[in-house]
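Peer 1: based on what follows, work out the 3D shape:
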Amino acid sequence: MMALAVIVAFYLVAGALTGFAPASLREATNGTIGYLPAFLGLLFFGGWLSRRGHAAARHMYWAAGLFVVSACFRSVDMALCADVPIGTHFLWHSLNGLVLGVLLAGVARYGGKRSSVQA
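Peer 2: Numbers count the residues shown, from 1 in each chain. Reported below is the predicted structural model:
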């Protein structure tokens, strides 16, 4: 129950930070600032795992780094459309797939086994 409270509190704070971002920042990032809670979540929960000495923390940090690169491609997509006809938005989606892959690799490698399934 404590973990759920931490998650809810975290996303309320991260959502509020994103909501209070100035309109100029939203414009400058092509709306990518709206993904700030996801990025902060990767860092926050990576730190949480790291403090507990959990090996999966490394996967969270790698995913956060990939997410930054992914978000950069999303941010510059509109500005580069004239010079790069296919744009860069597909890189946003491709790298986000890689982010999910890194996170799933961490779960597959370090996730605990449960002896029974609870409904």
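Peer 1: which helix or strand lies directly C-terminal to the longest helix seen in the chain?
Peer 2: If you go by DSSP state H, the chain has its longest helix at helix 57-80. Beyond helix 57-80 in the direction of the C-terminus, DSSP states H and E gives the next helix or strand as helix 89-110.
Peer 1: identify the residues contacting that next one?
Peer 2: Residues from elsewhere that reach helix 89-110 (CB atoms under 8 Å, 6 or more residues apart in numbering): 54-56, 58-60, 62-63, 66-67, 69-71, 73-74, 77. Where C-beta positions appear, they are placed from N, C-alpha and C, glycine not excepted.
Peer 1: hmm, try it at 6 Å
Peer 2: Helix 89-110 has contacts (CB atoms under 6 Å, 6 or more residues apart in numbering) with 55, 56, 59, 62, 63, 66, 67, 70, 73, 74, 77.
Peer 1: tell me which helix or strand of the chain sits lowest on mean pLDDT?
Peer 2: helix 2-19 (a mean of 87; mean pLDDT, DSSP states H and E).
Peer 1: returning to what we had before: show me which of the contacts of helix 89-110 are buried.
Peer 2: Neighbour-count burial (16 or more other CB atoms under 10 Å) is assigned, among the contacts of helix 89-110, to 56, 59, 62, 63, 66, 67, 70, 73, 74, 77.
Peer 1: how far away is the fifth one from residue 18?
Peer 2: Put plainly, it is residue 66. For residue 66, the distance to residue 18 (CB to CB, to the nearest Å) stands at 20 Å.
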